[in-house]
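Student: Below are the sequence and a predicted model for it; my questions follow.
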Protein chains: 4
Amino acid sequence: MTADHYVPSREDHFSFGIWTVGWQGVDVFGPAVRPPMAADRAVRKLAEIGAFGVNFHDNDVFDFHATDGERDKQISAFRQALADTGLVVTTATTNLFGHPMFKEGAFTANDREVRRFALAKVMRNLDLAAELGAGVYVCWGGREGAESGASKDVRAALDRYKEAFDVLGAYVLDHGYGLRFAIEPKPNEPRGDILLPTAGHALAFINELEHPELVGINPEVGHEEMAGLNYAHAISQALWHGKLFHIDLNGQNGPRYDQDLRFGAGNARGAFWVVDALEAGGYDGPVHFDFKPPRTEDDEGVWASAAACMRNYLILRDKVRAFRGDPEVQGALAAARVDRLAEPTLAGDETWRDLVGYTVDADALGERGMAFERLDQLALEYLYGVRGS
Amino acid sequence: MTADHYVPSREDHFSFGIWTVGWQGVDVFGPAVRPPMAADRAVRKLAEIGAFGVNFHDNDVFDFHATDGERDKQISAFRQALADTGLVVTTATTNLFGHPMFKEGAFTANDREVRRFALAKVMRNLDLAAELGAGVYVCWGGREGAESGASKDVRAALDRYKEAFDVLGAYVLDHGYGLRFAIEPKPNEPRGDILLPTAGHALAFINELEHPELVGINPEVGHEEMAGLNYAHAISQALWHGKLFHIDLNGQNGPRYDQDLRFGAGNARGAFWVVDALEAGGYDGPVHFDFKPPRTEDDEGVWASAAACMRNYLILRDKVRAFRGDPEVQGALAAARVDRLAEPTLAGDETWRDLVGYTVDADALGERGMAFERLDQLALEYLYGVRGS
Amino acid sequence: MTADHYVPSREDHFSFGIWTVGWQGVDVFGPAVRPPMAADRAVRKLAEIGAFGVNFHDNDVFDFHATDGERDKQISAFRQALADTGLVVTTATTNLFGHPMFKEGAFTANDREVRRFALAKVMRNLDLAAELGAGVYVCWGGREGAESGASKDVRAALDRYKEAFDVLGAYVLDHGYGLRFAIEPKPNEPRGDILLPTAGHALAFINELEHPELVGINPEVGHEEMAGLNYAHAISQALWHGKLFHIDLNGQNGPRYDQDLRFGAGNARGAFWVVDALEAGGYDGPVHFDFKPPRTEDDEGVWASAAACMRNYLILRDKVRAFRGDPEVQGALAAARVDRLAEPTLAGDETWRDLVGYTVDADALGERGMAFERLDQLALEYLYGVRGS
Amino acid sequence: MTADHYVPSREDHFSFGIWTVGWQGVDVFGPAVRPPMAADRAVRKLAEIGAFGVNFHDNDVFDFHATDGERDKQISAFRQALADTGLVVTTATTNLFGHPMFKEGAFTANDREVRRFALAKVMRNLDLAAELGAGVYVCWGGREGAESGASKDVRAALDRYKEAFDVLGAYVLDHGYGLRFAIEPKPNEPRGDILLPTAGHALAFINELEHPELVGINPEVGHEEMAGLNYAHAISQALWHGKLFHIDLNGQNGPRYDQDLRFGAGNARGAFWVVDALEAGGYDGPVHFDFKPPRTEDDEGVWASAAACMRNYLILRDKVRAFRGDPEVQGALAAARVDRLAEPTLAGDETWRDLVGYTVDADALGERGMAFERLDQLALEYLYGVRGS
């Protein structure tokens, strides 16, 4: 297999957040290690390395305090870069966590002025998102949460969170925008506990909205793994609900700070199953990367890291396709009776009545091996590349 | 405040699983350290220490392989103990994880016979639960999950999981039982990853059922904290959805094996907010403890541990009531603008149109302190008992 | 018990890092929320609220790029504040993590120039520390580590780490400074994995140094708890080795990002045992707080938070003393045979020969309860303040 | 590369604990799923699949309550299997955690009789270990710990722990056995917090022993990863101290219950670096697997799982050798200046005096990229098998 095999093309629908390659490296313990990167430069470089699209926060393109003139100028440069490169805006989002006014939340801030301004800020960027052709609008409520128990009335906060999505839903519908929202869950950091901490909590929340059909989720590998949860399971459940509107791929090493490693680094074994779950579940949105090039890297390292995200996805996609296509794997799946789970527990015309008093030879069933280790070893050997290459 | 203040009464609605005080201490590294305890003995002792009710798995009362005669005899002894003591069966559940036939799941086992038998087993115990007056039927799918990626088709598993609840819902409705189901989420252990791993995932799942109104959740302190999640937030969100049908109180020290410590041990600070969330949210179900007396304890220690669960709840209930009633706390809450979150972000007749172009003095808002530390310190001083006692 | 009871005095030996109250709130997701605080202001305010001493990084007092004149001016203001208030410098340390040159480490940076400069920077601040009367010099190697496997030769890094302490030991000895070093371990953040990740690893490392007697550890509550470890156990083991040279008290909620909550917030139950371990082990160094006032707080909140650290320590100190002095507790300890562990396993003149063929009634021993739950409940009731107040 | 390439030979020095393949699947939630396996059968099957040696607990071979006659019979069968197969006993250990008498510890039990019996039990098995030719004697103190703060005097426990190793050291020396001890750290499970919780804590402890040269460590992949620690770093530090006497390889998915997955499953990326660290550090002890075939497996699955441990090691060994031998990798290592860390910070004749006032162009150094992402991507591509195969 030649290296060329893993060269991204636009058909792969890879996209990046402008803020990913643009991250300057500010953390709690140190300042920027890289100069600012204008959004238009990010677009041009991403195009060079093979991306298809971008995602942006309003303040990735223009400053929070930008005048209208500055804003227009920055948007114009961004738009020009898109036009020049053919990159599309797949997705947009709002920065509701950077400015100190959002230190305690945005949609669920105790201060009503903050909540009102947050909605206005989103609405303004929804216009831009629609104009630039975005199909999905991501909402990461990174500051919606608390470090201490009394400071946030959680049920009231959920009321306000719902209100926000109801208002924004009306905004999008009234404007006829084709945008759908994707909530991005995270358990903690930068807040002690964040509201809607996992994919599950966000999926549950959506059902209470006025327009649930407009809202899905944008789960992130690292965010679920920070809670020790299985990301492939998360996206499979989201697909089952018809709610996987977007994905944020990156890498993480279990419960600790948000590492935002490039996709593939971190839980490599998990990454294999992530790609498998996306392929099997028919996900057709952008394959989006939300990572941070480590602080150790200069500009060259930033692009090496970004390119590797796509390359790793392609490598893994090849692997999972070969794995699923391998007759020995198919035999092992059958031996593990994985396919039998698709068969309903009740036959077509059965009801609970047909199960009353149902008996089995329980001990004999208990003695049957499931043959999962053999199956999993086959998968691992695809990950290792010692089969199927 | 006298010690007598913390003596449980039946009005407190404390309940215990029969399996909690009956745990013999078998773990991965060692065998039983305590003799078996018959369900009727558990009932009588729990009554003595002040409990109101019990929860039971079918196989807490009679063995998996019990003949009908043995089963009747054990149930009879159990029923007699209930009658003698006045304890109520608040809740019942099914053991779908002990017998080796369930090693790979029950409702979502790859083997269809296992799934069918699991449903039959639940149905039979639903009859007993109804007969004994249980109002809630808990479903912990402890073996529904996987250690490896290919062994479980997660979307098919969710189909079967849904099918199980749809069948059981029909069973309950057709029998006119007053029972409602409560799904108990857990992230892992004994499986590598368990389906419906958190309160959020279970809440989301319920919305896909034929009779969602019949199904709520039974979140457990330790299970949420194993994922690093805030249990008080979990029950607040469940209450917000109208789905907190039951609770499992115990103690845990963060992400690690399932410790099942007595309530109050583990995350003491979290326990304060748990009781506060239950009080504030109007939870009126049984205050149920699902803990394991440590293996170091003999029978006397078992009961000391069980009694302490209730005592700690009463201590904490006193504290949260005093905290909420303290004028200084109320002032601190107002200073933190916690109450303002109840106010809708839009006024009654406003729409998104009223927010277009909404501006604020962002920097001035950013400079305002939230006064959360003062508020939280007041709460902590209630926990410590240096205020309000 | 009156509130006055918990007012700190200089005899309590409370100290704070200048950087704690001075933290401006920069994190990965947002900029400063509070203005810079000059070191001399921090000193004056800390004196007002009852602190005894301070700890400082060189760059807490003067900027990395300060000219000699600016440096002198800042030091002079700092010194004047110390003189005016009577606060002592208990401890000092070096900022080897902020400037981008340290992005990949300092003592163990791959680049030798960085390592050499790091040593020079420490030496210069050792002079200042000695001049200001510090007794302990803390070394937190926050950037010594790696995100990826090949980027750091761990054994070579430990050679360089040892070299650094050997050089600095010689420096201190040759100058006749009374300073001792205290290594502060941390498992991760800001690096993916940090060298010497726990108290244990640092204690082991010290034994390889040329002057192990000069070096001990400075374990931090949150850093050990980020690895799910028991901090009270960590300081007890450090005391057992004679190596608890300093402590960093704060609060954390298990494995997640470094929260640096005020002492008492976080794991409240753990905090009780921390104070107990310090009291029981005869720790007589500064009772030092290394926390970050949450980003939600303004200046008033900063000081409320700092004052609460001391207050909580005093509250807990009262509790553990009352707990240990309570005859019922002493009875419970005896029932749990805790005191028997002090008795050597072999009698004074016994050798292994006396144990050959030693037999017991194993099953009878196995049946004996340890009565730990009763004992632990007594402790918990002291924490809750429902006993002994 | 042919599959034959990964067939284990005796030269690979693979060994297994008898208890690994013999695990019957008892866990907290269910009983045995597989029948008992006699030690001699385990030996014969392990020989078939290519192992070199075995490790055993005394009670893997004979029951705790075995009479001398039963004991001799079982040992005899074990010995015969060794003789027939040529497998060696590389390692032995004592079961000090199964019997209820050890529920609260063994070397550090509060009850002195337990401590004395524990020593006698170890001594008796040391005789057998020596006779069978074991070179290493592993000590896992799985029950040495506590769930609650007052129940264990940690400093007294460390005194007793030291006493135990001093007594056992004398025993081994007095008998002229060639055995060395290897302490196996674990943070928790089955106890709430275990003493000597990490590789670091055990390494530190050893320095306090009368015969530190006799004692090293036996770190286990899963045990370190349960604390979120980097296992490759742990073994590198142990090698640096000259204390890596043994290793326990298996798989884990971060902080949660002890999973004991087969080697390679779990943190696959970490496994690559584990093998690299062993190869680079010149570890020459047995390559030992301490895993548990999942409960889903029957006997066939047990052996598939065991065989895969060895196969995965061989696959990874090939990969790390190819990685280290690749000129492009060597160039990338040089670009990352990894080799420069081997160069002392001070030149041969320099002292601290040569560094006084040492200056650099800090900002220029800060701007230099480390090129770690490119290097790490090369490693990842070896893991994936898309390079070098």
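Tutor: Arrived safely, thanks for sending. Residues are numbered from 1 along each chain as shown, chains lettered A, B, ... in the order given.
Student: With just CA atoms, put stretch A:132-141 into PDB.
Tutor: Provided in PDB are the C-alpha atoms of stretch A:132-141 (Å, rounded to 0.1, in the frame of the first residue of the first chain):
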ATOM      1  CA  LEU A 132     -21.500  31.500   4.200                       C
ATOM      2  CA  GLY A 133     -23.500  28.300   3.700                       C
ATOM      3  CA  ALA A 134     -22.900  26.500   6.900                       C
ATOM      4  CA  GLY A 135     -25.300  23.600   7.500                       C
ATOM      5  CA  VAL A 136     -24.600  23.000  11.200                       C
ATOM      6  CA  TYR A 137     -24.300  25.400  14.000                       C
ATOM      7  CA  VAL A 138     -22.400  24.100  17.000                       C
ATOM      8  CA  CYS A 139     -23.200  25.100  20.500                       C
ATOM      9  CA  TRP A 140     -20.500  24.300  23.100                       C
ATOM     10  CA  GLY A 141     -21.600  25.600  26.500                       C
END
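Student: ok, and for that stretch, which residues are buried?
Tutor: Within stretch A:132-141, the residues that count as buried by 16 or more other CB atoms under 10 Å in any protein chain shown are A:132, A:134-141. In short, each C-beta sits where N, CA and C put it, glycine included.
Student: Can you report how many residues neighbour A:Pro36?
Tutor: 8 (other CB atoms under 10 Å in any protein chain shown).
Student: CSV please, covering the buried residues of stretch A:132-141 and showing pLDDT and secondary structure.
Tutor: Formatted as CSV, the buried residues of stretch A:132-141 follow (pLDDT from 0 to 100; DSSP: H, G, I helix; E, B strand; the rest coil):
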residue, pLDDT, secondary structure
A:Leu132, 98, coil
A:Ala134, 98, coil
A:Gly135, 98, coil
A:Val136, 98, strand
A:Tyr137, 98, strand
A:Val138, 98, strand
A:Cys139, 98, strand
A:Trp140, 98, strand
A:Gly141, 97, coil
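Student: List just the nearest of those residues to chain D.
Tutor: Of all the buried residues of stretch A:132-141, A:Trp140 has the smallest distance to chain D: 23.3 Å, by CB to the nearest CB.
Student: The closest residue to the closest one other than its chain neighbours: how many residues sit nearby?
Tutor: Excluding its sequence neighbours, the residue lying closest to A:Trp140 (CB to CB, 6 or more residues apart in numbering or on different chains) is A:Glu184, at 4.0 Å. A:Glu184: 22 surrounding residues under other CB under 10 Å.
Student: Flag every residue of the stretch 151-300 of chain A that's near chain C.
Tutor: By CB under 8 Å from any CB of the partner chain, the residues of the stretch 151-300 of chain A that approach chain C are A:151, A:187-190, A:192, A:226, A:253-259, A:261, A:265, A:294-296.
Student: can you tell me which of those are up against chain D?
Tutor: When contact is defined as CB under 8 Å from any CB, those meet chain D at A:253-256, A:265, A:294, A:296.
Student: the strands in chain A, which residues?
Tutor: For chain A, the strands defined by DSSP state E cover A:14-17, A:53-57, A:88-93, A:136-140, A:145-146, A:180-184, A:193-194, A:215-217, A:287-289.
Student: is chain B contacted by the second one?
Tutor: No: taking CB under 8 Å from any CB as the criterion, strand A:53-57 and chain B are apart, separated by no less than 15.8 Å.
Student: Can you tell me how far the closest residue to chain B within the stretch 201-350 of chain A is from C:Arg374?
Tutor: Closest approach between the stretch 201-350 of chain A and chain B, counting by CB to the nearest CB: A:His201, at 3.0 Å. Per CB to CB, to the nearest Å, A:His201 is found 38 Å from C:Arg374.
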